[in-house]
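Engineer: Give me a model of this one.
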Amino acid sequence: MRRWCVKPSNQLPASLTKHGKFVCYKLKPVKGKKDAKVPYNPRTGKLASHTDPASWSDYATCAAAVKTKKYDGINLVCEPRFTCVDLDKCVVDGEPNAAATELVAGFPPSYWELSPSGTGLRGIFETSGIKAIKNGWMEAYSEKHFMSVTGNAITSKPIAKAPATTFDVMRKSEVERATPDAQDKLSALLRGEDAGIGDDSAADASLCSQLARKGLSREQVELVWQNARPRKKLERDDYRRSVLDFAFKDIKTAQKAYDGDGSDWKDSFPAVSEFDGDEFPERYIVQDIIGYQQVTAISGAPESKKTMGVLALAAGVADGKKVYDHFPVREKVDGFLYCIPEMSRAGFVRFARYFGLNKTKGWFRHRSPKDGYTIPLDDPRLQQAVKGRVLVLDTLLYFFAGEDSYKATDWLAFSSECRRLIDEFGCAAIILLIHPTKSGASDPELEFLKLISQSIALAGLIDAAFVFHRSDDYRVLVKCLKGREWEKRPKPFVLSSHDEKGESYISKGRFPCTGKPGTVEAKDYTKGKTGRKADPAKIEWIPIAMDYEKQRMSYEKISEKLNEQGFKTSKPGVYKALMAIKVKGQVTNDKEK
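Structural biologist: Numbering: from 1, shown residues only. From the prediction side, this is the model:
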């Protein structure tokens with residue numbers, strides 16, 4: 001285990017050592033990762049917590065404890081007065097790279113120090129309202145977090161006040177984005193000026209970033225840069241590489257060239273044996289339905305109640321109860337983001353209210369046409385919003401930017417952005433709702449399999465897939481078509497929108513599983529082509545129902561009478577069957593005329 005032997009230093013700001021709250025930490029090896037800093041209360045020797053003020057101490061007590069070599073370093077308790085900025089792996093040979101330099105330049109002059117490893121930067125500010133930001137190599141916290149302090153200052157300035165808006169740059173996928181005066185700024189940089197940035201390294205990074213976003217290649221950007229801003233520092237290969245890496249880090253077409261001799265190949269191909277059996281446990285948000293940090297697709301014909309199915313699922317996760325009255329909720333999430341460009345806000349909110357999602361405060365959020373018909377998956381607002389939440393895209397093709405949904409290469413960008421939302425931005429899970437084409441509506445199962453068979457990128461993205469088969473009455477058969485845990489795929493089950501009396505479950509906030517997995521036969525619900533209604537004339541109870549109708553019985557009463565005779569019917573089923581007979585008779589009469 002590496003021991004950094006951090007020595008407490010009087011370079012820390014006086015206001016921090018006087019008013020800050022601290023704990024000590026011990027380094028603990030973690031296989032395949034950097035050492036963990038386990039927090040301790042130096043007064044009791046027991047574990048400390050960032051949510052337990054009783055376990056905190058003052059700086060002097062922590063400094064004295066570290067001097068005894070019982071502990072490896074000191075952690076600061078993040079709070080609004082001492083908001084911590086943590087920039088990871090941005091220092092090479094003691095000098096911050098271009099990206100970090102540009103970011104630091106955007107903050108008021110304040111205290112900055114090197115991290116314990118010497119490869120990162122830590123800054124401290126007084127602010128409020130940011131709580132937590134985690135975006136790749138950039139993090140900031142004003143509560144519920146510890147940050148190690150070393151006193152290895154690179155700027156010995158007092159702690160500055162910073163408006164919460166100062167931290168907005170850390171929420172974006174690019175440190176610098178185009179502004180109304182971007183062209184003037186670019187022109188000034190091309191003339192060799194610093195465009196008001198005030199730092200040559202930050203100006204270099206800004207110039208190269210803007211040129212990269214305009215579509216220039218890495219070689220073209222480097223050539224323009226050297227001609228526009230010639231100076232001694234550009235002769236350093238490591239500096240030019242650092243600036244160009246930063247400029248192209250968010251450019252999808254850019255490929256970072258490997259410049260080593262290949263001897264470090266093991267770093268690019270980790271051995272599975274390095275990870276213990278508990279490092280990647282099987283995790284579900286909803287048992288057998290929604291896996292943690294997985295992509296789940298739901299397909300089905302029109303009116304197969306897919307949207308209702310997802311709303312009922314969200315309500316179950318919100319309550320922590322069984323989803324569909326059957327599947328247990330295994331893991332809590334911070335909320336749901338439901339993007340539905342094809343439905344009005346009024347219509348969607350009414351549906352959400354059925355399941356009580358209007359009472360979850362900010363936990364369940366949506367985006368309707370009123371907010372913009374769609375939102376790109378690389379939009380910074382979406383990237384920040386998905387952390388810890390389940391993202392629902394209803395329907396898939398609204399968010400697909402390719403020209404041909406059956407062309408494999410057109411799905412590469414979409415699949416990449418979905419995985420990025422999970423891997424980089426902490427999305428808890430993604431649910432894709434897929435509506436079949438008009439020609440494929442009669443068999444949504446075949447249509448879905450055709451779609452993923454034509455696109456390897458989409459097939460590889462989807463971890464699990466379900467198809468909703470619309471039945472002739474109030475029931476929906478749900479089949480699992482694909483799953484990572486193939487030996488544990490759930491068997492077909494049935495959801496019901498109405499009870500046997502024809503009363504709506506959904507209007508009461510339920511969409512129960514009335515046919516449990518393993519108790520239903522799929523063929524009983526998918527006779528013939530899926531979505532094609534059976535001929536009412538072939539249903540044996542139709543003549544009886546027609547006689548009852550002539551006696552002016554209500555559809556509910558007819559259903560009750562039929563059920564007493566051993567037929568399994570419902571009020572909606574009776575109504576639909578009798579109406580179909582009437583329509584068929586009218587069509588026949590029209591033809592005869």
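
Engineer: roughly how far apart are W137 and S55?
Structural biologist: 29 Å (C-beta to C-beta, to the nearest Å). Every C-beta, even on glycine, is put in place using the N, C-alpha and C of the backbone.

Engineer: who has more neighbours, the two?
Structural biologist: S55 (20 against 16; other C-beta atoms under 10 Å).

Engineer: Hmm, that one is touching C62, no?
Structural biologist: No. Taking C-beta atoms under 8 Å as the definition, S55 is not a contact partner of C62, at 11.9 Å.

Engineer: okay, and the common contacts of the two?
Structural biologist: V23 (C-beta atoms under 8 Å, 6 or more residues apart in numbering).

Engineer: and the residue nearest in space to the middle of the chain, what is it in contact with?
Structural biologist: The centroid of the chain falls nearest to C427 when counting by C-alpha atoms, centre = their mean (2.0 Å). Counting by C-beta under 8 Å, 6+ apart, C427 makes contact with Q293, V386, K387, R389, V390, L391, L421.

Engineer: Run through the neighbouring helices and strands of the longest strand along the chain.
Structural biologist: Counting by DSSP state E, the longest strand found in the chain is strand 475-483. On a contact count with 3 or more C-beta pairs under 8 Å, 6 or more residues apart in numbering; DSSP states H and E, strand 475-483 meets strand 295-300, helix 444-454, strand 464-470, strand 493-496, strand 513-515.

Engineer: Return the backbone torsion pair for A545.
Structural biologist: Here is the backbone geometry of A545 (degrees, to the nearest 10): phi -60, psi -40.

Engineer: That one - nearest residue in space that isn't next to it in sequence?
Structural biologist: In space, and not counting its chain neighbours, A545 is closest to I558: 5.4 Å by C-beta to C-beta, 6 or more residues apart in numbering.

Engineer: Contacts for the longest strand of the chain, please.
Structural biologist: Counting by C-beta under 8 Å, 6+ apart, 297, 299-300, 304-305, 309, 445, 448-449, 452, 462-471, 489-497, 514-515, 520, 522, 525-526 sit against strand 475-483.

Engineer: cool, stretch 500-507 as well?
Structural biologist: 308, 312, 354, 474, 496-499, 511-512, 555-556, 559-560, 563, 568, 570-574.

Engineer: can you pull the buried residues of that stretch?
Structural biologist: Neighbour-count burial for stretch 500-507, counted by 16 or more other C-beta atoms under 10 Å, picks out E500, G502, Y505, I506.

Engineer: hmm, back to that, list only buried entries from the contacts of strand 475-483.
Structural biologist: 297, 299-300, 304-305, 309, 445, 448-449, 452, 462-471, 489-490, 492-497, 514-515, 520, 525-526.

Engineer: Correct me if wrong: the residue nearest to A545 contacts K550.
Structural biologist: No. In this structure, I558 is not within contact of K550 by C-beta under 8 Å, at 10.8 Å.

Engineer: who has more neighbours, the two?
Structural biologist: Neighbours per residue, other C-beta under 10 Å: of I558 and K550, the larger number sits with I558, 23 against 8.

Engineer: how does the chain divide into domains?
Structural biologist: 14-171, 182-257, 286-524, 536-592 (automatic domain parsing).

Engineer: and the second one, what's its mean pLDDT?
Structural biologist: Mean pLDDT, computed over domain 182-257, is 78.

Engineer: Pop out the phi and psi values for L190.
Structural biologist: The phi/psi pair for L190 (degrees, to the nearest 10) is phi -70, psi -20.

Engineer: From S209, how far out is it?
Structural biologist: Taken as C-beta to C-beta, the span from L190 to S209 is 13 Å.

Engineer: More neighbours: which of those two?
Structural biologist: Counted by other C-beta under 10 Å, L190 and S209 do not tie: S209 has more neighbours, with 26 against 17.

Engineer: Am I right that the more buried one is in a helix?
Structural biologist: Yes. S209 forms part of a helix when assessed by DSSP: H, G, I helix; E, B strand; the rest coil.

Engineer: unless I'm mixing things up, it is touching L244, no?
Structural biologist: No. Judged on C-beta under 8 Å, S209 makes no contact with L244 at a distance of 9.9 Å.

Engineer: mind checking the backbone torsions on K33?
Structural biologist: The phi/psi pair for K33 (degrees, to the nearest 10) is phi -140, psi 170.

Engineer: roughly how far apart are it and C24?
Structural biologist: 21 Å.

Engineer: what about those two, which has more around it?
Structural biologist: Shown here are K33 and C24; by other C-beta under 10 Å, C24 has more neighbours (26 against 9).

Engineer: The more buried one is in what secondary structure piece?
Structural biologist: strand 22-28 (DSSP states H and E).

Engineer: C-terminal to that strand, which secondary structure element comes first?
Structural biologist: Downstream of strand 22-28 (by DSSP H and E), the next one is strand 36-40.

Engineer: And for that following strand, what's in contact with it?
Structural biologist: Against strand 36-40 from outside (C-beta under 8 Å, 6+ apart): 23-30, 46-50, 55, 71-73, 75, 146, 148.

Engineer: give me that answer again for 6 Å
Structural biologist: V23, C24, Y25, K26, K28, V30, A48, N75, F146 (C-beta atoms under 6 Å, 6 or more residues apart in numbering).

Engineer: filter those residues to the buried ones?
Structural biologist: V23, C24, Y25, K26, A48, N75, F146.

Engineer: Identify the farthest-apart pair in the residues you listed.
Structural biologist: By the measure C-beta to C-beta, K26 and F146 form the most distant pair in those, at 12.7 Å.

Engineer: Need the worst-confidence member of the contacts of strand 36-40.
Structural biologist: Lowest confidence among the contacts of strand 36-40: V30, with 78.

Engineer: Now that residue. Its backbone dihedrals?
Structural biologist: phi -130, psi 120.

Engineer: how far away is the residue nearest to it when sequence neighbours are not counted from P29?
Structural biologist: The shortest distance from V30 to any residue other than its chain neighbours is 5.1 Å, reached at A36 (C-beta to C-beta, 6+ apart). Shown here: A36 relative to P29, a distance of 8 Å by C-beta to C-beta.

Engineer: So which of the contacts of stretch 500-507 are in helices?
Structural biologist: M308, A312, Y354, Y555, E556, S559, E560, N563, K571, P572, G573, V574 (DSSP state H).

Engineer: what about the fifth one, neighbour count?
Structural biologist: For E556, the neighbour count with other C-beta under 10 Å is 15.

Engineer: which residues touch it?
Structural biologist: Per C-beta under 6 Å, 6+ apart, neighbours of E556: G502, K571.

Engineer: looking at the helices and strands packed on strand 475-483, which has the lowest confidence?
Structural biologist: Minimum mean pLDDT among the helices and strands packed on strand 475-483: helix 444-454, a mean of 60.

Engineer: Need the three-state assignment for V66.
Structural biologist: Assignment for V66 (three-state DSSP): helix.

Engineer: Pull the number of nearby residues for it.
Structural biologist: 20.

Engineer: what helices or strands is the helix or strand S201 falls within leaning on?
Structural biologist: Using DSSP H and E, S201 falls within helix 200-213. Here helix 200-213 touches helix 98-105, helix 218-228, helix 237-247, going by 3 or more C-beta pairs under 6 Å, 6 or more residues apart in numbering; DSSP states H and E.

Engineer: Pull out the buried positions in stretch 90-110.
Structural biologist: 90-91, 96-107, 110.

Engineer: C-alpha coordinates for that stretch, CSV please?
Structural biologist: The C-alpha coordinates for stretch 90-110 follow below in CSV (Å, rounded to 0.1, in the frame of the first residue of the first chain):
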residue,chain,number,x,y,z
CYS,A,90,-4.8,17.2,-14.4
VAL,A,91,-1.3,17.9,-13.1
VAL,A,92,1.8,16.6,-15.0
ASP,A,93,5.3,17.2,-13.6
GLY,A,94,3.9,19.7,-11.2
GLU,A,95,2.1,21.8,-13.8
PRO,A,96,-1.7,21.9,-14.4
ASN,A,97,-2.7,21.0,-18.0
ALA,A,98,-4.5,23.4,-20.3
ALA,A,99,-8.0,22.2,-19.3
ALA,A,100,-7.4,22.7,-15.6
THR,A,101,-5.7,26.0,-16.3
GLU,A,102,-8.7,27.3,-18.2
LEU,A,103,-11.1,26.1,-15.6
VAL,A,104,-9.2,27.7,-12.7
ALA,A,105,-9.0,31.0,-14.6
GLY,A,106,-12.8,31.1,-14.6
PHE,A,107,-13.0,31.2,-10.8
PRO,A,108,-12.2,34.2,-8.5
PRO,A,109,-8.7,34.0,-7.1
SER,A,110,-8.7,31.7,-4.1
